[in-house]
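Trainee: the sequence and its predicted three-dimensional model are supplied below.
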Amino acid sequence: MGRNQTIGGWGEKLAAAYLIEKGCQLLDCNVRTPYGEIDVIVLNKEILVFVEVKTRTGSNFGYPEGAITPRKRSHLSDAAQFFLQEHPEIQADWRIDVIAIRGKPGGSDPEIIWFENAVN
């Protein structure tokens, strides 16, 4: 596993734990679709939330949330809609959020920012 995958996996686990701490119910992680992977899926109150996690260890490449390009937004929306078509039993409102993490595994407290309804 490459360094970026290791950092990304760490960030996704951190994000899932953060969302559970905030009262969300974890439904799934790393869900593969033809449009790309959905990092984390939670239920936040009655809303199904698809979460894109972006992790950066430093500021060389900008803020993590800056990596959500228009193309990435389109892929996230398509992946969410594919998931919903594959799971007709889920009848909930839904949205796409972004969790941005800045920090390093084993480092001091990472910065975690939750952007709700980040992709329309």
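Mentor: Structure's in. What do you need? The shown structure was predicted, so the numbers you read here are calculated from the model rather than taken from an experiment.
Trainee: just to confirm, which helix or strand has the spatially most central residue of the chain in it?
Mentor: Centrality entry for the chain: nearest residue to the mean C-alpha point is E52, 2.3 Å, by Cα atoms, centre = their mean. Counting by DSSP states H and E, the element that carries E52 is strand 47-56.
Trainee: let me see the mean pLDDT of that strand.
Mentor: Averaged across strand 47-56, pLDDT comes to 95.
Trainee: check the offset of it from the chain's centre.
Mentor: Centroid separation for strand 47-56 versus its chain: 2 Å, with Cα atoms, centre = their mean, to the nearest Å.
Trainee: which parts of stretch 54-69 are buried?
Mentor: K54, T55, R56, T57, P64, E65, I68 (16 or more other Cβ atoms under 10 Å). Glycine gets a C-beta too; all of them are placed from N, C-alpha and C.
Trainee: apologies, that question was intended for stretch 39-47.
Mentor: D39, V40, I41, V42, L43, N44.
Trainee: which parts of the protein are helices?
Mentor: Residue ranges of the helices in the chain, as given by DSSP state H, are 3-21, 70-86.
Trainee: avg pLDDT for the shortest one?
Mentor: Spelled out, that is helix 70-86. 95.
Trainee: format the CA atom coordinates belonging to that helix as PDB.
Mentor: What follows is helix 70-86, C-alpha atoms only, in PDB (Å, rounded to 0.1, in the frame of the first residue of the first chain):
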ATOM      1  CA  PRO A  70     -16.300  20.000 -10.400                       C
ATOM      2  CA  ARG A  71     -15.400  16.600 -11.900                       C
ATOM      3  CA  LYS A  72     -15.100  15.000  -8.500                       C
ATOM      4  CA  ARG A  73     -18.500  16.600  -7.500                       C
ATOM      5  CA  SER A  74     -20.100  15.000 -10.500                       C
ATOM      6  CA  HIS A  75     -18.500  11.600  -9.700                       C
ATOM      7  CA  LEU A  76     -19.700  11.800  -6.100                       C
ATOM      8  CA  SER A  77     -23.300  12.700  -7.200                       C
ATOM      9  CA  ASP A  78     -23.300   9.800  -9.700                       C
ATOM     10  CA  ALA A  79     -21.900   7.300  -7.100                       C
ATOM     11  CA  ALA A  80     -24.600   8.400  -4.600                       C
ATOM     12  CA  GLN A  81     -27.400   8.000  -7.100                       C
ATOM     13  CA  PHE A  82     -26.000   4.600  -8.200                       C
ATOM     14  CA  PHE A  83     -26.000   3.500  -4.500                       C
ATOM     15  CA  LEU A  84     -29.600   4.600  -4.100                       C
ATOM     16  CA  GLN A  85     -30.700   2.700  -7.200                       C
ATOM     17  CA  GLU A  86     -29.000  -0.400  -5.900                       C
END
